[in-house]
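Colleague: Fold the stuff below for me.
(chains A and B, ligands or ions: 2)
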There are 2 protein chains.
Amino acid sequence: MLPMERAKASFEVARMSEALYGGADAVKRRRFIMMPAAQLLYPEKHEWTREELMKRSIDDFINIHKDFVQEGYRPQRDEVSWMGEIAGNTGSMMPHYGLFLPTIVGQGSPEQVATWLPRALNFEIIGCYAQTELAHGSAIRALQTQAVYDVETGEFILDTPTLGAMKWWNSNIGCVATHAAVYAQLIVQGKEYGLHVFMVQVRDENHHCLPGIELGDCGRKLGDNAIDTGYMRLRGVRIPREHMFSKRQYVTRDGQYKRRVSTGGDSGKASALAKRASYLTMVQARAGMTSLSAGKLAAACTVAVRYSCVRVQGFADTSEGQSYRSAENQVIEYQIQRSRLFKQVAICYAMRASGSWMNEAVRKLSDVANKSDATMPEIHASSAGLKGLCTKLSADGMEDLRKCCGGHGFLLNSGIGSMATDFVWQVSAEGDWVVLLLQTARYLMNARRAALRGEQVSGLAACLEPLRDPLFKISSARPSTPQAVEDLLNLDLLLQYFQYRTLAATTKVGERLDAKMSKGMSFEAAWNACAVGLKRAAESHIYYFMLRNFVEVIRTQQDEHVVPVLERLCALFAVQNMVAGELWSGLLPEDLIDLAEEAEAQLLDALRPDAVALVDAFDIPDRVLNSTIGRSDGRVYEALYESARDSPLNQGKGKVPFEGYEEVLAPHL
Amino acid sequence: MLPMERAKASFEVARMSEALYGGADAVKRRRFIMMPAAQLLYPEKHEWTREELMKRSIDDFINIHKDFVQEGYRPQRDEVSWMGEIAGNTGSMMPHYGLFLPTIVGQGSPEQVATWLPRALNFEIIGCYAQTELAHGSAIRALQTQAVYDVETGEFILDTPTLGAMKWWNSNIGCVATHAAVYAQLIVQGKEYGLHVFMVQVRDENHHCLPGIELGDCGRKLGDNAIDTGYMRLRGVRIPREHMFSKRQYVTRDGQYKRRVSTGGDSGKASALAKRASYLTMVQARAGMTSLSAGKLAAACTVAVRYSCVRVQGFADTSEGQSYRSAENQVIEYQIQRSRLFKQVAICYAMRASGSWMNEAVRKLSDVANKSDATMPEIHASSAGLKGLCTKLSADGMEDLRKCCGGHGFLLNSGIGSMATDFVWQVSAEGDWVVLLLQTARYLMNARRAALRGEQVSGLAACLEPLRDPLFKISSARPSTPQAVEDLLNLDLLLQYFQYRTLAATTKVGERLDAKMSKGMSFEAAWNACAVGLKRAAESHIYYFMLRNFVEVIRTQQDEHVVPVLERLCALFAVQNMVAGELWSGLLPEDLIDLAEEAEAQLLDALRPDAVALVDAFDIPDRVLNSTIGRSDGRVYEALYESARDSPLNQGKGKVPFEGYEEVLAPHL
Ligand SMILES: Cc1cc2nc3c(=O)[nH]c(=O)nc-3n(C[C@H](O)[C@H](O)[C@H](O)COP(=O)(O)OP(=O)(O)OC[C@H]3O[C@@H](n4cnc5c(N)ncnc54)[C@H](O)[C@@H]3O)c2cc1C
Ligand SMILES: Cc1cc2nc3c(=O)[nH]c(=O)nc-3n(C[C@H](O)[C@H](O)[C@H](O)COP(=O)(O)OP(=O)(O)OC[C@H]3O[C@@H](n4cnc5c(N)ncnc54)[C@H](O)[C@@H]3O)c2cc1C
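Modeller: Ligands and ions are numbered 1, 2, ... in the order given. Below you'll find the model as predicted:
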């Protein structure tokens, strides 16, 4: 079935891959990255114990990375998310490289970096990122771990003074880490200095816990179990003064707290630069998570689209009284199925575009690291919501695609079975999605207020420009009503509608917020009373942001066969969002919705011949998919059967029917 | 924290439980049912192997049921879903009792029932329901397994002639079943007679496969792994003629296919009665799945609401420069969190009401089993979509509630971690949710056509009555626009809006369907081209159905403290649906949406003091919840810590840090 599908495509798959990943070079680099890891994926891994998963993930990670790193290789921006895409599980080494190393580089003084970085790169020390506590995750400012400076000995004394203060969810502290970057409240001579980071050695040379330190694994999780996410209790643990990370501040031997100033001497500028650098790091990390969300969703799309072309189900002619051998439909022919599949493919391409756009933005911003750039706060604020929304959309999308595979999607060997559950912690971790969307909302409210004051608002917030006019009314801002389906395939008009939605949602909730505060509510109370609306405004904005980035990326494309297909996907992304109705309440006239429904139907038909080619273009090797039902040769039933035969439950046959048979069943039969 | 929360409640929990479960007697019965099973739940089960899970689930099931059943106990309607609620996993015996027994009773002749039923009840034979094949699930008519009658020997010869025809997804055939009720295409003397069911013994007295039969487990699944869902290949398996289930038809020795006629002799009436009986069975099963969806979601609500009251996170005063010990908010105070929690609580109460309403309807319909009843087709059609939508809503709801628990919801010991993944196969099995919604849509299209012909339409379809007027216009059918928030708390007005939505969605897609067919499209093509809209119409109808049932159930309640709270929940169910906007595109004026948003905010506040009492009323014992973070005493952190210490990864400490340490890690350190 699949070769037939591939023959229908309107574009060359290789050209589409280049569009997705940013050129032929990038595609090559991506394949190169995928190669070694792809050789280390195991179809039978779903049957492994946690211990086995952990062991192999550690071994594989070190084997793949050590030589490269020693030869001086440092991954480029997008390479990290490609690596994440292949790794079936996070594994205990990922946080070491992904969180601990950046902490050294980002928070360490030059001497600290020189001491710790080479050893960490070389796996001589294994580090953990120890921020979250049992009782505190999102509210970082309220972490309870203390680092009290002892001026007598020149040491910090670290404590997790209560049960809730115990460090928790610290990836790889359970069994593996030797060191931890511990976030703690710095207290010097009774005075609180806020959160700081400390390097703490947690295990000795025999890998036993050091005195005063209790470590353990938090228990089995919903997914992603190759890693020993753990807890850490500290009781009077003393570390040298030099183990406070001190790129920007330090404590003197006699207990004075000092900020470092840049060599230039201008401390205001220095702190602006520091802020800028930390913004850039965050934006970069979020761009990475956006790309990763796209990459994981791409794998699910690949499985579900291919399977939906192979799966035939239901007679083409539904009248009664026919033979059971009558001709049937491929399930992708069913409009609802196709709508669900292509919705995710479109979201996936849109996310990928936003990931690339953000990477590009980071690159540009880094180039001008000394110039002030007005778009920085805006990109930073959008990146928060983008991480929040994209991880959420990706997890939801994988699960819906799994459902599209019917019963077979429930088997782990389908490859799509546990995709969502292995991924979904990312919606909560590194910023809970709701908390992040509220950050974006806060930015929008500020931008709105600036516009109302008549100030210029830049970049994406430019959609709030109309607010500068004191006579502005939202009802007059609605873009022209499309007259025909074709109008709704026009990306500019679609963009205008998304822009209008942000403007309307921001205005509406902003006015409500103002009204509550002017009635005497505190900021916190008013904010909370409007929070549902604030989240809606932020989501509207992020969709607009994604659509805009998608359009911008398309405009840089040249291939005459690729561009129209991307335009269709982009229009579908927008039009399905309108048809679904969420976040659009009251904003779209009924005629427009009728047209949008028609546009969706047309786009689903127009994209139909390109279905398999669109997912082939994700360029995910079979070994990475690790899927019986999504394999590129389409031999779904053979693969399901072979994999089932390997089920451990089928191995004992002939001897005992199953463990416990004699005991629990035979006596009754 | 929780005692304080409980003190705030505006009603007595026991009264609410009675309202939920249908009176004090029902609550008592439910506790009685829960008791034995609740003693057999194991906190450590998340660490068990599949073999161990299977073994214990078989043992427990037989121990709990055998004595009761031998004493003549047969579960009442709602009791089966209560049993399902407690069972953490389906287990290999559930399909035996839940699918195989009903097949004997529903399809067997009196002699067959007399032979097979007592042995099956007594666990002397264990049966499997063998319908689905590797290549066919939803399209039952296209199943490929053959039963060819051999007139020479008077036997049927069963075959799964191709790889795709192999039976697949047959719960408990992998290791456990001795017999199977096999669905196969009956072929007699070269003529196809369609699907029939056959009793096939699959294992011998040593529990080895019989000749020509290959059995096995399908492999590990996303969840619910205590059961050996398996496959079965049949090659020339001969069974006696008497093993075709023959309540309604049989094959004579010389190869004639005969239908049984009722003793009354009126074959038309007999077949109507048979159809009616099979409708009733189906409606009953779906009512059960609706109640089960409610019950499972109730457990998730209990965990998430309690935890959200215990969890404090984020300073009450968000200004800069405060101590890290400043006062914080319970997360349930955050409007978005509360909106997500109460949304699911309201859905849960609504589902429960629909489950009860349906049970009641079945009871009434059974009482008049000989009278024709016009509402039967309508209830049957609604039950399809109800099963489809409720299983889907329940799975989605559990997952969102899991996310509401932040990181801790990702731990399996949270009890909420794998709730959705253990449950979610029910969205696909026993009727894929989309396929079922399309069945409801088909009914709606027929009802619409009847109304357009001027015929009366009854029951819920009465909302299509206005279509009987040839001059009818949808725009004139919109209910009065509410003028104040209070209007939106009026359940009658809300019902009118939901009714109006069904009418509008049905009309819109019906007209589109007609237009396509009148342009010469085949029925199948036109249907498919409108399928997205058809599903929307069906969903609209099911929401209306749920709201109507909820209102009806409330109207039967007496308790003066319970009723206002139920009314608030019911209004919230409706209002949040409007605010979300999905399915409402173009139907609600903007002013109404503003009021609805305000109404939602007010309801969330009004329900706040009752939060914990509303979930306590579900009356789910701690043992059933099996949750560290949802326990009724609120000792969340103690429980998390204790459970973590039990993690198998923490047991080896002192000797080897972890399995593989010496091999994969020590050489590098
Ligand atoms: C698999 C996994 C790995 C992890 N790895 C690490 C690691 O290596 N190191 C580390 O330090 N941490 C790690 N974490 C912790 C992670 O960063 C936290 O779980 C995350 O920050 C969310 O915080 P929380 O779990 O405390 O949720 P909470 O903050 O308790 O959130 C609970 C609920 O309250 C809501 N809420 C909270 N605050 C607000 C607010 N202000 N306004 C509105 N709503 C609010 C949230 O939306 C959520 O629904 C990991 C977590 C997981 C699951
Ligand atoms: C855990 C589990 C236990 C099970 N237990 C049993 C058992 O004991 N005995 C048994 O016989 N079976 C059992 N089943 C099988 C179950 O009944 C089927 O999986 C179910 O009927 C769905 O069929 P399918 O998997 O073939 O999905 P498919 O029909 O292949 O559906 C795939 C996709 O196509 C879409 N689709 C299919 N047909 C149409 C259509 N006409 N119009 C529009 N869209 C369509 C669906 O919406 C879905 O998205 C079990 C399944 C599971 C997962």
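
Colleague: count of residues packed around residue A:487?
Modeller: Residue A:487 sits with 15 neighbouring residues when counted by other CB atoms under 10 Å in any protein chain shown. Using the backbone N, CA and C atoms, a C-beta is placed for each residue, glycine as well.

Colleague: low pLDDT regions in chain A?
Modeller: A:37-40, A:262-268, A:270, A:368-374, A:653-655 (pLDDT under 70).

Colleague: Give me every residue in it lying close to ligand 2.
Modeller: Within chain A, the residues that sit near ligand 2 (CB under 6 Å from any ligand atom) are A:311, A:313-314, A:331, A:334, A:336-337, A:404, A:406-407, A:410.

Colleague: Just the buried residues from those, in ChimeraX please.
Modeller: Buried members of the residues of chain A next to ligand 2, identified by 16 or more other CB atoms under 10 Å in any protein chain shown, are gathered into one ChimeraX selection as follows:
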select /A:311,313,314,331,334,336,337,404,406,407,410
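
Colleague: Please flag which of the residues of chain A next to ligand 2 sit within helices.
Modeller: Assigned to helices by DSSP state H, the following of those qualify: A:336-337, A:404.

Colleague: nearest to residue A:475, of those residues?
Modeller: Within these, distances to residue A:475 taken as CB to CB reach their minimum at residue A:336, with 35.1 Å.

Colleague: if I look at that closest one, how far off is residue B:437?
Modeller: If you measure residue A:336 against residue B:437 using CB to CB, to the nearest Å, the figure is 9 Å.

Colleague: Need the overlap of contacts for these two.
Modeller: Taking CB atoms under 8 Å, 6 or more residues apart in numbering or on different chains as the criterion, residue A:336 and residue B:437 both touch residue B:535.

Colleague: ok, the residue nearest the centre of chain A to ligand 2 distance?
Modeller: With distances taken as CA atoms, centre = their mean, chain A has residue A:289 as the residue nearest its mean C-alpha position (3.5 Å). Using CB to the nearest ligand atom, to the nearest Å, one gets 29 Å for the distance from residue A:289 to ligand 2.

Colleague: any idea how far residue B:93 is from that residue?
Modeller: For residue A:289, the distance to residue B:93 - CB to CB - is 44 Å.

Colleague: What parts of the stretch 451-600 of chain A come near chain B?
Modeller: Remark: the part of the stretch 451-600 of chain A in contact with chain B comprises A:508, A:523-524, A:528-533, A:535, A:578-590, A:593-594, A:597, A:600, using CB under 8 Å from any CB of the partner chain.

Colleague: what do you get for the stretch 201-350 of chain A?
Modeller: Contact residues of the stretch 201-350 of chain A with respect to chain B, defined by CB under 8 Å from any CB, are listed as A:203, A:205, A:207-208, A:216-223, A:228, A:231, A:312-318, A:322-326, A:328, A:333-337, A:339.

Colleague: now those: which count as buried?
Modeller: Among those, the ones that count as buried by 16+ other CB under 10 Å are A:203, A:207, A:216-223, A:228, A:231, A:312-315, A:322, A:324, A:328, A:333-337, A:339.

Colleague: Narrow those residues to those in strands?
Modeller: A:216-217, A:231, A:312-315, A:328 (DSSP state E).

Colleague: show me what contacts the residue nearest to residue A:236 when sequence neighbours are not counted?
Modeller: Here the nearest residue to residue A:236 in space, its sequence neighbours aside, is residue A:212; by CB to CB, 6 or more residues apart in numbering or on different chains that works out to 5.3 Å. Residues in contact with residue A:212 (CB under 8 Å, 6+ apart) are A:234-237.

Colleague: What is the host helix or strand of residue A:545 packed up against?
Modeller: Using DSSP states H and E, residue A:545 sits within helix A:531-555. On a contact count with 3 or more CB pairs under 8 Å, 6 or more residues apart in numbering or on different chains; DSSP states H and E, helix A:531-555 meets helix A:335-367, helix A:376-404, helix A:433-452, helix A:491-518, helix A:562-580, helix B:335-367, helix B:590-607.

Colleague: Out of these, flag the one nearest ligand 1.
Modeller: When the helices and strands packed on helix A:531-555 are compared for distance to ligand 1 using CB to the nearest ligand atom, the nearest one is helix A:433-452, at 3.7 Å.

Colleague: Taking helix A:376-404 as reference, get the angle to the closest one.
Modeller: The directions of helix A:433-452 and helix A:376-404 differ by 140 degrees, with axes from the mean of the first three to the mean of the last three CA atoms, to 10 degrees as the criterion.

Colleague: touching ligand 1 at all, helix A:433-452?
Modeller: Yes. With CB under 6 Å from any ligand atom as the criterion, ligand 1 is reached by helix A:433-452 at A:434-435, A:438.

Colleague: Quick check: buried residues in that helix?
Modeller: Of the residues in helix A:433-452, A:433-441, A:443-445, A:447-452 count as buried by neighbour count, 16+ other CB under 10 Å.

Colleague: Tell me where the stretch 1-150 of chain A has helices.
Modeller: Residue ranges of the helices in the stretch 1-150 of chain A, as given by DSSP state H, counting those that start in this stretch, are A:2-7, A:13-21, A:24-38, A:50-70, A:77-86, A:94-95, A:101-107, A:110-121.

Colleague: Could you report the distance from residue A:70 to chain B?
Modeller: For residue A:70, the distance to chain B equals 12 Å [CB to the nearest CB, to the nearest Å].

Colleague: which ones are touching that residue?
Modeller: Counting by CB under 8 Å, 6+ apart, residue A:70 touches residue A:122.

Colleague: please redo it, this time with the cut-off set to 10 Å
Modeller: A:118, A:121-122 (CB atoms under 10 Å, 6 or more residues apart in numbering or on different chains).

Colleague: These, buried ones only, as a ChimeraX selection?
Modeller: Applying 16+ other CB under 10 Å to the contacts of residue A:70 leaves a buried subset, and the ChimeraX line that selects it is:
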select /A:121
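
Colleague: could I get the ones in strands among the buried ones among the residues of the stretch 201-350 of chain A next to chain B as CSV with distance to residue A:652?
Modeller: Rendered in CSV, the data for these read as follows (distance: CB to CB, whole Å):
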residue, distance to residue A:652
A:216, 34
A:217, 30
A:231, 38
A:312, 35
A:313, 34
A:314, 38
A:315, 41
A:328, 38
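
Colleague: from those residues, which is closest to residue B:149?
Modeller: residue A:315 (24.7 Å).

Colleague: Give me every residue in the stretch 351-500 of chain A lying close to ligand 1.
Modeller: Applying CB under 6 Å from any ligand atom, one finds that the stretch 351-500 of chain A approaches ligand 1 through A:425, A:428-430, A:432, A:434-435, A:438.

Colleague: Let me know the closest of the residues you listed to ligand 2.
Modeller: The shortest distance between ligand 2 and any of those, using CB to the nearest ligand atom, involves residue A:425 and amounts to 24.3 Å.

Colleague: Wait, the closest one touches residue A:289, no?
Modeller: No. Distance between residue A:425 and residue A:289: 11.9 Å, which falls outside the contact criterion (CB atoms under 10 Å).

Colleague: Can you pull the residues that touch both of the two?
Modeller: Common neighbours of residue A:425 and residue A:289 (criterion: CB under 10 Å, 6+ apart): residue A:391.
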